[in-house]
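1. Next come a sequence and a model predicted from it.
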Amino acid sequence: MTFHPMILRLRRRPPAVLLLGTLLAATLSSCSSLNASRELGLAGDLAHRVTSTMSPRDAWALPVQGESPAWNGTDALGYEAAVSVALQGAPALREALAKIVQRRAQYVQEGLPPNPTVTFGLGVAVDGLAGAPMFLQGIQMLSWLWKNPWRVEAAEADLRAAIYQAAERCVTLLIQTRLQLAAVLAAQMTLVLDDLYVGITQQTVDLVAALEQAGELAELDLDRAQVDHEKAIAAAVGSRYALRIAKLELLGTMGRPDASTAWVAKGDLPPEWQIPEDEDLLLELAALGRLDVAASLENVRMIEGQLGLARTRRIPEVGFTIQYRENFMDRQAVLPGAAVTLPVLDNGEPSIAIQQANLEQARMVLLASAETAQREVRTSLHQWLDARARSQIIQAGQLDAAIRAQQRSEAAYAEGEVDLNTLLMTQRQRIEVERALISMKFTTMEAMCRLRQAVGGSFDLRDNTVPSIDIHPRTDTKEETAS
């Protein structure tokens, strides 16, 4: 087998290959790990402020559309089990986790140096003479040495923000799930109440019908009793459908929109939570625990990094070059050099101005987030205190009086001491008071959940403190195994 003379000449040029290999080796640096298990674990740790029967990490390890070990779809459903199912099955939460993986890859990408550029050429003599010129050139930009720290800083902040946002999504999911389960509990209680009222009005109709047949009451009285009874039936039908709709909304939030509604909710309305009533303490909890504020702060830091990167545009772009040349006379030469791009026409001022404006916007978003947190804490606190006080008044005062009035009017009506209108009025009054109590209990639960969300997801300072997060270039092997 014979080789072309130019190929043979290339094989006899170890200096050129050695120079190119040295250039490539000099540009390679240790790559950061693409494994985002540590960051996902940090998001899971932050989400521990979300109380459930299953930890967030365990829930995320299960398939999003798979069966949940926390609830089989038929047993009675409580608050913690509902949150566990939602942690596993909510697509929006998995989207937030996927963003962490994306931001981790972006962080690795920003830490990599630019690839070197290799150019080469071979000449062929056209005049019939011997010899063939060639050149081989390697180019490596060096500007990344002072640009890279700003890129990495911005990418780190963006990754930290993604972690905080995923944990904050868990808090939002917690509040939404608990509120919707409370709505199911309220609908169940209302349905029981309406069924009870149907029975009461049916007894009244039977009693009035007997008296009407005996000639002691007019037919008009029977008509009135039947109208109240039919209204009670219509209310019960409406409550039954309202219960089913409440269950469907909860199942949708849990990521199980096609599940059966043949189950009952269990739990207190509202549940017993240890809630501080000191406004200053709650504001301190919010200052330490609001994940959306922490994410806004990281957004500010990200733009600060982008501003630093924009300022490097004032510095000339510098690249290192090394060439190997050979002319027609087989004379060889190595030519080290540099390529410099001067910031003359584009000095970076527009880019700097853009990032400065972005930074000011991000700072105002951060300020608005902090002020919103304070407003939400104070308003939800007073909404909770108001709803709790009114629930106590209805429970201890109005309801007891309404029940006694109904019982006495029924006994008096049987003795002929009061008319039918008085009996029907006291029956309706009791039902209205009990409905108002259920509504106020749900309002109390709603205010409690809003207050919990306002402080960051938990009233326990140990769980409700946002930690500072350090981004590691490499994921520890033990952490990978544990996660």
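-> Cool, the structure landed. Keep in mind that what you see is a predicted model, and the values were worked out from it rather than measured.

2. Report pLDDT for the residue nearest the centre of the chain.
-> Note on the chain: the residue nearest the mean C-alpha position is R169, at 1.6 Å, using Cα atoms, centre = their mean. Looking at R169, its pLDDT stands at 94.

3. Surely it is within a strand?
-> No. Counting by DSSP: H, G, I helix; E, B strand; the rest coil, R169 is not found in a strand; it is helix.

4. A183 versus that one, what's the distance?
-> For R169, the distance to A183 (Cβ to Cβ, to the nearest Å) stands at 21 Å. (Each C-beta comes from the backbone N, C-alpha and C, glycine too.)

5. Would you map the helices across this structure?
-> Here the chain has its helices, by DSSP state H, at 5-11, 14-27, 37-46, 56-61, 79-89, 91-111, 144-213, 219-253, 279-289, 291-311, 349-393, 399-414, 420-455, 477-482.

6. right, so the ones you listed: which one is the most enclosed?
-> Most buried of the helices of the chain by mean neighbour count (mean count of other Cβ atoms under 10 Å) is helix 79-89; its value is a mean of 26.

7. ok, now how distant is the residue lying closest to R474 once chain neighbours are set aside from L222?
-> Excluding its sequence neighbours, the residue lying closest to R474 (Cβ to Cβ, 6 or more residues apart in numbering) is S33, at 4.7 Å. Going from S33 to L222 by Cβ to Cβ gives 82 Å.

8. same check, this time on E230
-> If you go by Cβ to Cβ, the gap between E230 and L222 works out to 13 Å.

9. pLDDT weak spots in the chain?
-> 1-31, 125-132, 328, 475-483 (pLDDT under 70).

10. one more time with 50, if that's ok
-> Counting by pLDDT under 50, the chain shows low-confidence ranges at 1-30, 477-483.

11. quick revisit: now do the contacts for the residue nearest to the centre of the chain.
-> A92, L93, A96 (Cβ atoms under 8 Å, 6 or more residues apart in numbering).

12. which residues touch T51?
-> Going by Cβ under 8 Å, 6+ apart, the list of residues near T51 reads Y79, E80, V83, L174, S458.

13. Return the closest of these with respect to T443.
-> Nearest to T443, judged by Cβ to Cβ, of the contacts of T51 is Y79 at 17.4 Å.

14. Go ahead and confirm the closest one touches L179.
-> No. Judged on Cβ atoms under 8 Å, Y79 makes no contact with L179 at a distance of 10.3 Å.

15. overlap in contacts of these two?
-> Joint contacts of Y79 and L179 (Cβ under 8 Å, 6+ apart) do not exist.

16. which residues touch T465?
-> Contact analysis of T465 by Cβ under 8 Å, 6+ apart lists L288, G289.

17. so how far is R49 from it?
-> Counting by Cβ to Cβ, the separation of T465 from R49 is 9 Å.

18. Which residues are in contact with each of the two?
-> G289.

19. so which of the helices of the chain gets nearest L335?
-> Among the helices of the chain, helix 14-27 comes nearest to L335, with 10.4 Å by Cβ to Cβ.

20. Would you format the helices of the chain as TSV with distance to P336 included?
-> Listed next are these as TSV, based on distance: least, Cβ to Cβ, whole Å:
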stretch	distance to P336
helix 5-11	21
helix 14-27	9
helix 37-46	42
helix 56-61	53
helix 79-89	59
helix 91-111	27
helix 144-213	18
helix 219-253	65
helix 279-289	56
helix 291-311	29
helix 349-393	32
helix 399-414	92
helix 420-455	62
helix 477-482	41
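
21. Quick one: closest of the ones you listed to D470.
-> helix 144-213 (8.8 Å).

22. Just the CA coordinates for stretch 233-240, please, in CSV.
-> Written as CSV, here are the backbone C-alpha positions of stretch 233-240 (Å, rounded to 0.1, in the frame of the first residue of the first chain):
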residue,chain,number,x,y,z
ILE,A,233,-85.2,18.1,49.9
ALA,A,234,-83.9,20.6,47.3
ALA,A,235,-81.2,21.8,49.7
ALA,A,236,-80.1,18.2,50.4
VAL,A,237,-79.8,17.5,46.7
GLY,A,238,-77.7,20.6,46.3
SER,A,239,-75.5,19.6,49.2
ARG,A,240,-75.0,16.2,47.8
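
23. From the chain's centroid, how far away is that stretch?
-> Distance of stretch 233-240 from the chain centroid (Cα atoms, centre = their mean, to the nearest Å) equals 36 Å.

24. Run a quick check on V365 versus A295, I expect a contact.
-> No. Judged on Cβ under 8 Å, V365 makes no contact with A295 at a distance of 10.0 Å.

25. Would you agree G319 is in contact with G337?
-> No. At 9.3 Å, G319 and G337 do not qualify as touching, with contact defined as Cβ under 8 Å.

26. more neighbours, these two?
-> G319 (17 against 11; other Cβ atoms under 10 Å).

27. Just list whatever residues bridge to that one.
-> Assessed by DSSP bridges, G319 has beta-bridge partners M141, A339.
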